[in-house]
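Q: The following block contains a protein sequence and its predicted model.
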Amino acid sequence: MRVGKRMVGLVAAVGFLVCGGVAAADGGPWQKDAEEAKWRESLRELAPSAVADWDWANAARESDRQGATYAFARVYAAAPTFVHALRRQCSTEPIRSVAIDLCHDAIRQDPRWENRFALALRLFQGEKTQVSEHDVQEAFAALKAARESAPDEPTILILEAMAAFERQDEAPLRANYAHLKALRPDDPATHYLGAFHALIDNDPTEARAELAAFETSGKSIPEFREFINKFAYLEETEWTPLRIGKWFLGGILGWLAVLAALLVAGELLSKATLHATERFDPKDGGNAVGGAAIVKRLYATVMTLSGAVYFLSLPWIGLLVTALVAGLIYGCFAVGTIPIKLLFIVLAMGATTLFALAKAVYYSFVTPTSEDPGIVLTRAAQPRVHALLAEVAERCGTRPVDRLILTQGTDFGVFEQGGFLETSRGRGVRCLVVGVGLLRGVGPEDETRIALRLGPLKAILAHEYGHFKNEDTAGGAFSFATLRSMTTLLQQLVTHGAASAFNPAWHFALQYFKLYLRISHGATRLQEVLADRWAVVAYGSENFVAGLETTIRAATRFNAITDRVIHKAIHEKAIVPNLYAFADDGTALGADVNAVLAASDHTFEARLAEPASAYDSHPRPADRIARARALAIPHEADDTPAWSLFEHPEELERALTARIAHAVFDNHGVVLRTATTT
């Protein structure tokens, strides 16, 4: 900060220097008591009756300048050789021109440094229109002459420095401060100049320290204190490029430190999960107790903090993008070259990024409307299935799902519909999604067909109800809202072409998404372990193991077979009203039916043996199976095919085939001919 550029003139900015009486001869904070006493004694010898006027005038210089002027005039009239009264009259005379004449008279009578200093002081005083360049030059000449007589006098050094400083010349201030510091490092005058020296060096802390040292010495100039504190504050709060850079770098480092702390906390909790779940008592079911309860609460805290950091970062990312766009536009105008196409691209990317950020915040509270992923099966349409769902819910000690959705694939999971406010209050709509590929299976109806039986199905349903029981879908509403916001941001940036290496919002969204998944999936792995326990306690170890293995194997088998038969049906332009029945016919797979089945089995084995990853949302299937069997809870066998509970299965299969045909056309532009295709 260039303090001098903030001054509007010596009187306006450092008027206290002039009006406060810096000269030793004029008393005030710089008054030398020994000199003052010496002058008073000399006056007593010259005119004893004038001493009273002298004392009164010195005391009244600030409160009654006119009266003090008259009193000093009486003193000088009584003692014409007492030049100190003439100089004091010069300092208090309200009419500037008269005061300057008095100072000239004092110098003619006695050219001592105090009189030359007083002249310089009065020449500098006055409004801008009063102080001419001639006055300034005469004042500096008077100071130069005074310094020749008293080279180390602090008041001369101070006035010379400050007068030059007011004229945007810092050199005398630096030189005089260095001179005083070498000569009198602890003198109040040194600290006085030191405060200004610190300000021009952009060091408000040192300026305040010099002010404190000045006042500790017993000196006090309220205007000086106010001035230093004011400009120190301006320096501390002025947004210079360097300070902005420091704040920006500090913010980035602090932000990265917080992310690192969250990541480390997530890693530690992930490692603690296995140890915390070793203890198990069947009467606890899948409830988090003991160490597991502590880990779950800690996970909830870390997840909340991670989400909070994400949402707090969004406005700053928006400001950063806005600043970069504005800076680039300003730079183009500054250099005089305006690349229209580049500006259009930058403006478009900035606008779409800000729109994506706004949409990400909006959808964190409002769930975007979307179609159901499958066919909604009501209680009236499927009474036996809903009775089964109610039976399992009762055994798990929770309420049954509100909606059952049957999909054309191998889905199996639960979720709650509703926005953040609804789900966080437990008012969301409970939904169960289950794929026909798990319930029915595809392929020849023999030992090679993989599909759920009622016993394993109940265990898998108990696992899903365990999530409801533990409030994984409702208690984690903020986490789901955060994840929904992140995916919305990524999708919007990609959709609108703003997923660019030059877009900081894209880097933030992508990297934070990875970080959040790494942390959050540690929490979901703990949730899965606890939900597995509900399944095992409710329906036994082997039912759960059979259900888990069947869902994995049926999914790999279903995907392998349906991909092949869809390709064959499209290639042969066959009419396929029921894709599932078409897949049951072994001839639909061609001569390599055994190879397809073998490949799916290999995929299943590989899935069981695949190593764990920090990004896994579930524990390794092999670990889940091992834990379930280690609990060794007996089970009730029920090998009834799960698909047999459903009413009108043929109609459901045809309806789901139509959904597949629509999906194939929407994603690939290829027509799969069904009974409903026109």
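A: Nice, thanks for sending it over.
Q: What confidence value was assigned to residue 350?
A: For residue 350, the pLDDT comes out at 90.
Q: What score does the residue lying closest to residue 434 once chain neighbours are set aside have for pLDDT?
A: In space, residue 434 comes closest to residue 412 once its chain neighbours are excluded; the distance is 5.4 Å by C-beta to C-beta, 6 or more residues apart in numbering. The way it works is simple: take the backbone N, C-alpha and C, and place the C-beta from them, glycine included. pLDDT, residue 412: 92.
Q: ok, residue 412 touching residue 460?
A: Yes. Residue 412 sits in contact with residue 460 when judged by C-beta atoms under 8 Å, with a separation of 6.4 Å.
Q: who touches both of the two?
A: Among the neighbours of residue 412, those also in contact with residue 460 (C-beta atoms under 8 Å, 6 or more residues apart in numbering) are residue 551.
Q: Pretty sure residue 353 is one of the things residue 505 touches, is it not?
A: Yes. Taking C-beta under 8 Å as the contact criterion, residue 505 and residue 353 are neighbours in contact, 4.7 Å apart.
Q: helix or strand for residue 248, which one?
A: Under the criterion DSSP states H and E, the helix or strand holding residue 248 is helix 241-276.
Q: Apologies, that question was intended for residue 434.
A: Element membership of residue 434 [criterion: DSSP H and E] is strand 429-435.
Q: That strand pairs with which strands, parallel or anti?
A: Based on DSSP bridges, the strands next to strand 429-435 in the sheet, each with its direction, are strand 403-407 (parallel), strand 412-417 (antiparallel).
Q: Pull out the buried residues from the helix holding residue 248.
A: Applying a neighbour-count criterion of 16 or more other C-beta atoms under 10 Å, one finds 259, 262, 263, 265, 266, 269, 270, 272, 273, 276 buried in helix 241-276.
Q: Which secondary structure elements does it sit against?
A: Helices and strands touching helix 241-276, as assessed by 3 or more C-beta pairs under 8 Å, 6 or more residues apart in numbering; DSSP states H and E, comprise helix 291-335, helix 504-539.
Q: the inter-axis angle of the last one versus strand 412-417?
A: Right, the one you point to is helix 504-539. Orientation note: helix 504-539 sits at an angle of 120 degrees relative to strand 412-417 (axes from the mean of the first three to the mean of the last three C-alpha atoms, to 10 degrees).
Q: same check, this time on the longest one
A: Comparing the axes of helix 291-335 and strand 412-417 via the same axes, to 10 degrees yields an angle of 60 degrees.
Q: list the helices and strands the very next helix or strand once past helix 291-335 packs on?
A: On the C-terminal side of helix 291-335, the closest following helix or strand by DSSP H and E is helix 340-365. Based on contacts counted as 3+ C-beta pairs under 8 Å, 6+ apart, the elements that helix 340-365 packs against are helix 291-335, helix 420-424, helix 477-495, helix 504-539.
Q: measure residue 546 to residue 414 for me?
A: 20 Å (C-beta to C-beta, to the nearest Å).
Q: scratch that, residue 440
A: 20 Å.
Q: Pick out whichever of the two has more residues nearby.
A: Set side by side, residue 440 and residue 414 give different neighbour counts by other C-beta atoms under 10 Å, the larger being at residue 440 (23 against 20).
Q: Surely the more buried one touches residue 581?
A: No. The pair residue 440 and residue 581 fails to qualify as a contact (C-beta under 8 Å) at a distance of 10.1 Å.
Q: Now the common contact residues for these two.
A: Counting by C-beta under 8 Å, 6+ apart, the contacts common to residue 440 and residue 581 are residue 653.
Q: coming back round to it: as PDB, could you dump the C-alpha coordinates of the strand holding residue 434?
A: Output in PDB follows, covering the C-alpha atoms of strand 429-435 (Å, rounded to 0.1, in the frame of the first residue of the first chain):
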ATOM      1  CA  VAL A 429     -42.700 -44.100   0.300                       C
ATOM      2  CA  ARG A 430     -41.000 -47.400   0.700                       C
ATOM      3  CA  CYS A 431     -40.300 -49.200  -2.600                       C
ATOM      4  CA  LEU A 432     -39.000 -52.600  -3.400                       C
ATOM      5  CA  VAL A 433     -37.600 -53.300  -6.800                       C
ATOM      6  CA  VAL A 434     -37.100 -56.900  -7.900                       C
ATOM      7  CA  GLY A 435     -36.200 -58.200 -11.300                       C
END
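Q: what about residue 507, neighbour count?
A: Neighbours of residue 507 (other C-beta under 10 Å): 14.
Q: give the contact list for it.
A: Contact partners of residue 507, counting by C-beta under 8 Å, 6+ apart, are residue 501.
Q: next one: the one 10 residues further on
A: Residue 517 sits next to residue 615 when contact means C-beta under 8 Å, 6+ apart.
Q: cool, residue 198 as well?
A: Shown here is residue 198, whose contacts under the criterion C-beta under 8 Å, 6+ apart are 204, 205, 206, 207, 209, 210.
Q: possible to save the residues you listed as TSV with neighbour count and distance to residue 71?
A: Written out in TSV, the entries for the contacts of residue 198 read as follows (neighbours: other C-beta atoms under 10 Å; distance: C-beta to C-beta, whole Å):
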residue	neighbour count	distance to residue 71
204	21	43
205	11	45
206	16	43
207	24	39
209	15	41
210	23	37
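Q: Just name the closest of those to residue 534, please.
A: Of all these, residue 534 sits closest to residue 205, with 61.4 Å by C-beta to C-beta.
Q: quick one: residue 499 and residue 506 touch, right?
A: Yes. Judged on C-beta under 8 Å, residue 499 makes contact with residue 506 at a distance of 4.9 Å.
Q: Give me the common contacts of those two.
A: Between them, residue 499 and residue 506 share the contacting residues residue 493, judged by C-beta under 8 Å, 6+ apart.
Q: Quick one: residues contacting residue 306.
A: In this structure, residue 306 makes contact with 262, 266, 482, 515, 516, 519, 520, judged by C-beta under 8 Å, 6+ apart.
Q: re earlier: which one of the helices and strands packed on helix 241-276 lies closest to residue 452?
A: Set against residue 452 and scored by C-beta to C-beta, those come closest in helix 504-539, at 12.5 Å.
Q: ok, and for that closest one, which residues are buried?
A: Counting neighbours by 16+ other C-beta under 10 Å, helix 504-539 gives 505-506, 508-510, 512-513, 515-539 as buried.
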